[in-house]
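**Q** Take this sequence and fold it.
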Amino acid sequence: MDVSDTQPGKCGKDWMSQLPRHLQTVPLNKLAIPGSHNSFSYSLDPLSQVAPDQPREIQAVVHMFGAPGRDVIHRWSVTQTLTVEQQLNSGIRYFDIRISRHTGSGKVCFIHGLHGADVIPCLEDMKKFLSNHPKEIVILDFNHLYEMEAGHHASLLQAITEIFGNKICPFLNMECLSLEMLWESELQVIILYHNEAVSENPFFWSGSFIKSPYTNSTDISHLLSFLDKHKKENDDPERFFCWQGILTPCAQTIISHFSGSLKDVLASKLAPFFVTWVKNGKSINCKHGIFIMDFVEMADFISCVIDLNY
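**A** The predicted structure is shown next:
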């Protein structure tokens, strides 16, 4: 599915390059940027082993029930159906990345409940898009990292550096980080990495440079109230701020809807309410930051976030 043309006059593939002149000189954290939650979960393999982000109780249940147990986890762990290429073409510019070293293959894979695709080929696909769209900027947030020791981090960071090369934006004062500056320097990739392995590496940003408040809830009203309470916190001049339009299933939710899925039971019901909340940001001075949700193709989410910039 390609939703890149959902907003007339503002092409999803190149929406950053089309922003008005005055927005090209403001700090990047003062723009409204659409992102995806668990961005690579479309690649989860229902036949894979349970990922280490799951508690031992869940792993034990799946071990007991086998394939049917993994099927349940798969239906409640997939948060995106668009591939990375489709997300990029649609306008997504922030990617929520959760990874683990696979104890069998040794490769670093995306995870969320189960194991997904190898990280490296997906990042290479991203580089191809950036090469074809030299004024588009992406933020890669590696925020959940499992089964990785110092040597594994070093190898991954080296691979990321080799893939993106001189497109990587080194750590800078946020006030200097504008589209104009990035374009002039031909920089396109900002990498947040939540591990001390990057403490001495100037090409990776510490995870402390993004604030992403999260509420563990299945209730739409509770989530929206939680977001309202944080409206004054997205003005930190030194950090990115992420608005999470996410509902999280609890065990009771899954048991009560055993044959259902995250998309059908929670995400599709939340989407119109969250998008309405986003639209109202224009009138309540809450119109910048990173906005993420599940299944980003729903409810015209991407174009509504981009429209906040106008």
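**Q** Tell me where the stretch 101-250 of the chain has strands.
**A** 108-112, 114-118, 138-146, 189-193, 205-206, 210-211, 240-245 (DSSP state E, counting those that start in this stretch).
**Q** Alpha carbons of the second one, as CSV, please.
**A** What it means is strand 114-118. Extracted C-alpha coordinates of strand 114-118, given in CSV (Å, rounded to 0.1, in the frame of the first residue of the first chain):
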residue,chain,number,x,y,z
LEU,A,114,9.1,-12.7,18.1
HIS,A,115,12.2,-12.3,15.9
GLY,A,116,11.9,-10.4,12.6
ALA,A,117,14.2,-9.5,9.8
ASP,A,118,17.9,-9.0,9.8
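**Q** helices or strands up against that strand?
**A** Where contact means 3 or more C-beta pairs under 8 Å, 6 or more residues apart in numbering; DSSP states H and E, strand 114-118 is packed against helix 67-77, strand 108-112. Using the backbone N, CA and C atoms, a C-beta is placed for each residue, glycine as well.
**Q** of all the strands of the stretch 101-250 of the chain, which lies closest to Ser131?
**A** Closest to Ser131 of the strands of the stretch 101-250 of the chain is strand 189-193 (C-beta to C-beta; 11.4 Å).
**Q** which residues are in contact with that closest one?
**A** Strand 189-193 has contacts (C-beta atoms under 8 Å, 6 or more residues apart in numbering) with 28, 130, 137-143, 157, 160, 164, 167-169, 177, 203-207, 209-210, 240.
**Q** gap between it and the chain center?
**A** Its chain's C-alpha centre and that of strand 189-193 lie 12 Å apart, by C-alpha atoms, centre = their mean, to the nearest Å.
**Q** mind saving the C-alpha coords of it as PDB?
**A** Taking C-alpha atoms only, strand 189-193 is exported to PDB below (Å, rounded to 0.1, in the frame of the first residue of the first chain):
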ATOM      1  CA  VAL A 189      20.600  10.300   9.200                       C
ATOM      2  CA  ILE A 190      20.300  11.000  12.900                       C
ATOM      3  CA  ILE A 191      20.900   7.900  15.100                       C
ATOM      4  CA  LEU A 192      19.800   7.700  18.700                       C
ATOM      5  CA  TYR A 193      21.400   4.700  20.400                       C
END
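**Q** Show me the contact partners of the helix or strand harbouring Ile255.
**A** Element membership of Ile255 [criterion: DSSP states H and E] is helix 251-256. The set of residues external to helix 251-256 that reach it, using C-beta under 8 Å, 6+ apart, is 72, 76, 218, 265-266.
**Q** re earlier: for the contacts of strand 189-193, I'd like a selection string for ChimeraX - just the buried members, please.
**A** Applying 16 or more other C-beta atoms under 10 Å to the contacts of strand 189-193, the buried members can be selected in ChimeraX as follows:
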select :28,130,137,138,139,140,141,142,143,157,160,164,167,168,169,177,203,204,205,207,209,210,240
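**Q** tally of neighbours for Lys13?
**A** Other residues near Lys13 come to 18 when the count uses other C-beta atoms under 10 Å.
**Q** Return the residues in contact with Trp101.
**A** You called it Trp, but residue 101 is Arg. 107-109, 146-148, 152.
**Q** and what of Phe226?
**A** 213, 215, 217.
**Q** Which stretches in the stretch 151-300 of the chain count as helices?
**A** Using DSSP state H, counting those that start in this stretch, the helices of the stretch 151-300 of the chain run over 179-185, 220-229, 251-256, 262, 268-279.
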